[in-house]
Structures are given as C-alpha cells and as structure tokens.
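coords please:
(2 chains)
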Amino acid sequence: MSIAVTTQIICFSVLSLVVIIGALGVILLENIVYSAFLLGGVFMSVAGLYLLLNASFVAAAQVLVYVGAVNVLIIFAIMLVNKKEDLKAIENIKSRRIISTSICLTLLSLLIRVDLSNIWGLAEPNASIGEESTVRIGEHLFSDYLLPFEVASVLLLMAMIGAIVLARRDVMNEDISTGLPVDQELIEKPNEPLLIKKN
Amino acid sequence: MNLESIPLQAFLIVSSVLFCIGIWGLLNSRNAVRVLMSIELMLNAVNINLMAFSSYVDNNLIQGQVFTIFVITVAAAEAAVGLAILLSLYRNRVTVDMESFNLLKW
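Presented below is the predicted three-dimensional model:
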C-alpha cells in the first residue's frame, strides 16, 4: 500500500478502537436494536482493516455479505421476535458472571501472550502482490480451491432450503368459517405453542 | 517511533480481544439473537487473524484470503439457518430467553 506509515497507523488505531468499543456495545447494551446497528458498524470497520491489509476484494465481500445480508437478516429477526418480556431472575447469576469473565480474561491473556512472544516467520514485504490480490483469489478459486468452491455452493443451497423449511408455518387446507377447501396457502393455522411447559 | 509498517502483532491483539468479547457475549447473553451476534463477532475475529497472516506471512500466494472468503460463506449460511431455528423456537416457546430453552436437559 502506498500511503504513508503514519496515516496507516492512525487509520489502524481508529478502526481497531471502533471494532473493540462497538463489540463491547453489541454485548453490553440493553436494547438489542442498538446492538444490531453497532454490529453493522463493527463489520464496516473490519472491512476497513481488510483494506489496510491490501485486500480490496475481501473487504467488498465483507461489506456485501455481512453488512448487506447478515446484519439485515439479524435486524429482521429482531423485528419478528421483539417482544418486551420480563426475564426471570437466575439464582446465582453473580457467580456465573464471575466464572465466565475470569474464563474470558484467562483466554485473552493466553492469546495475547502467544501473539507477543511467538516469533512469526514473516515474509519479505517486497514479494507482496499488493493490489493484484483479486486476480490471485480468482486463480485460487478456479484451480486448487475448486472443490471447496463447489461444495460451498451446495452448502448455500442446503442452508437456503433448510431455512425455508424451518421458518415456514403450517397452513390450513380448508377455510375455517366456510369449510371449503382453499388452494391459496394464505390462511395460517392459529399460533399455538407446542412445547409449553407442563406445570 | 520508527516503524516500516503496522506490526503483525497489532492485528493479532485486536482479533484476540474481539474473540474474547464474542465468547463473553456467547456465555452471558439471555437474548438468543444476541448469542447469534456474538458468534458473528467471533467469526470476524478469526477472519482478521487469517487476513493478517495472509498479508504478513504468505503475501504472495494469499491463501488466507481465500479461506476468509469461505469463512464468510459459511457464516452467511449459519446466520440464515440459526435465525430460522430461532424463529421456530420463538413460535413454540413464545420467548427468546436462553434460560427457557431446556428441551435437551435430562
């Protein structure tokens, strides 16, 4: 990348601050709608980090898939299930919080120690292909990664059909009031919960 | 400060912090949608790691970028199926509280 190192460092600091503060907001904010929009911001900043790493194609894919598809899907799901409910209190929530936080902090310190102490075998910066990465990704996808590429298309088809089957509601074959058979699958069964607790 | 470029360790630390935030959210959220969001955060942390290594260690073949594309594909499929499961759970239980999803408890 041809921009100056100082500019790169400033961009990196701003982007990583947005990523980390946004991620903290995603898990800590009470209102889940705010969390969803902050998640979009985190995805955009991660795309910016990819641009700093000379990967314009993956950055575009990140924006298209994560911000354009996954985040919108999450917002739709929130819209469909957003019901104000008073959550039941858990008895020993404090000890649970302490245990999970200590697990996370331990894992974090372990990971950071590995990051800093290991000697990474860095490549020559001059060998970098830089902005040619899109061409190289295309070559990979159609030569040595051809099989995973095709399997990914089957996986996407399976996910699409699975999502439709899981989220579909049962429909009635006859009208409730007249008893006549209906062709259009528009009249839905009343929403009766199947798995309500017995007691 | 005299640097030729951003060190690799900076990217690795950002991704480690993001991964741990994701795990914390996964363990502590009561809302099922937030659990799915935490999973997406963790997947993004892994992607940052792969991209950083592909740029610093394997900057000629960039296989890490190809892997990142596959991870993005799988994450999109996972989000679609996960939210569909969540919708059908919500239809049957009328709640998104993780504590009430105890069908597999013996």
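
Give me the three-state assignment for the residue located most distally from the centre of chain A.
In terms of distance from the mean C-alpha position of chain A, residue A:178 ranks first, at 46.3 Å (Cα atoms, centre = their mean). The three-state label given to residue A:178 by DSSP: H, G, I helix; E, B strand; the rest coil is coil.

For chain B, see how far away it is.
Computed as Cβ to the nearest Cβ, to the nearest Å, the residue A:178 to chain B distance reads 27 Å. The C-beta positions use only the backbone N, C-alpha and C, and glycine is treated the same way.

tell me the pLDDT at that residue?
Looking at residue A:178, its pLDDT stands at 73.

how about the helices in chain B?
Secondary structure of chain B (DSSP state H): helices at B:8-28, B:32-56, B:63-93.

With distance to chain A and mean pLDDT as extra columns, can I get the ones you listed in JSON lines?
Output for these, formatted as JSON lines (distance: least, Cβ to the nearest Cβ, whole Å; pLDDT from 0 to 100):
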{"stretch": "helix B:8-28", "distance to chain A": "3", "mean pLDDT": "95"}
{"stretch": "helix B:32-56", "distance to chain A": "4", "mean pLDDT": "94"}
{"stretch": "helix B:63-93", "distance to chain A": "3", "mean pLDDT": "92"}
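
Residue B:36 - how many residues pack around it?
Neighbours of residue B:36 under the rule other Cβ atoms under 10 Å in any protein chain shown: 22.

go on, residue B:85?
16.

what's the closest non-adjacent residue to it?
residue A:166 (5.8 Å; Cβ to Cβ, 6 or more residues apart in numbering or on different chains).

tell me the mean pLDDT over the helix or strand containing that neighbour?
Using DSSP states H and E, residue A:166 maps to helix A:146-167. The average pLDDT within helix A:146-167 is 93.

what packs against that helix?
Counting by 3 or more Cβ pairs under 8 Å, 6 or more residues apart in numbering or on different chains; DSSP states H and E, the packing neighbours recorded for helix A:146-167 are helix B:63-93.

Nice, that's everything, thank you.
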